[in-house]
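Enquirer: pasted the sequence and its predicted model underneath.
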Amino acid sequence: APCVLDAYIALGSNVGERERMLKEALIHLEQHPDIEVIRVSGIYETDPVGYTDQPAFLNMAAAIRTTLEPLELLRAMLGIENQLGRTRDIRWGPRTIDLDLLLMDGTVMDAEELTLPHPRMMERAFVLVPLRDVLLPAHTLKEQVEEAASRVLQDGGEGIS
Ligand SMILES: Nc1nc2nc(S)n(CCO)c2c(=O)[nH]1
């Protein structure tokens, strides 16, 4: 039987019908034959970090179960971004939909196209707060994510509502 892994994805949108794009992305994930969406966070309005001269984001996170390998999952996610009309013009600029692979069970990798766990996730409230909603209680990073989420929220990190 294929190995089934839990993976965690961050979703974001700050152009167009943001909420609809997030929901469409979740539908595409669920429709993929090798992906099952098992938990979905709330939707949070967040101030842009990094490249701040752009509209506010809606961010969320999802827990999925998949038989795909990490790079296969990444390719499926990129395919969904393309299907939803993501144009990769400005690297850090506004985007109709953004899917980031955060964690994949105990997988640690540092490949050209993919680093797991996501290298910047522990500093980003817009990732940590939704992730906290969907991280399964038994997950080894549960404590670390809880602490990091409260830390970035205390630091008055990027606005998140
Ligand atoms: N609040 C917020 N700021 C962001 N800056 C970038 S780049 N992104 C795209 C994801 O890396 C975001 C985002 O999703 N949310």
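Expert: That came through, no problem.

Enquirer: show me what residue of this structure gets nearest to the ligand.
Expert: Gly12 (2.8 Å; CB to the nearest ligand atom). Just so you know, the C-beta spots here come from the backbone N, C-alpha and C atoms, and that holds for glycine as well.

Enquirer: residues in contact with the closest residue in space to Pro55 that isn't next to it in sequence?
Expert: Among residues not flanking Pro55 along the chain, Asn14 sits closest, at 4.7 Å (CB to CB, 6 or more residues apart in numbering). Listed by CB atoms under 8 Å, 6 or more residues apart in numbering, the contact set of Asn14 reads 48, 54-58, 94-95.

Enquirer: same question for Arg95.
Expert: 12-15, 86-87.

Enquirer: closest one to Leu102 out of these, please.
Expert: Distance to Leu102, by CB to CB, is smallest for Gly12 among the contacts of Arg95, at 11.8 Å.

Enquirer: who's that closest one bridged to?
Expert: Beta-bridge pairing of Gly12 under DSSP bridges involves Asn59, Asp98.

Enquirer: name all residues that make contact with it.
Expert: Taking CB under 8 Å, 6+ apart as the test, what Gly12 contacts is 57-60, 95, 97-98, 100, 126.

Enquirer: repeat that with 6 Å
Expert: Going by CB atoms under 6 Å, 6 or more residues apart in numbering, Gly12 touches 57, 59, 98.

Enquirer: my guess is Leu116 meets Asp105, correct?
Expert: No - taking contacts as CB atoms under 6 Å, Leu116 lies outside contact range of Asp105: 9.4 Å.
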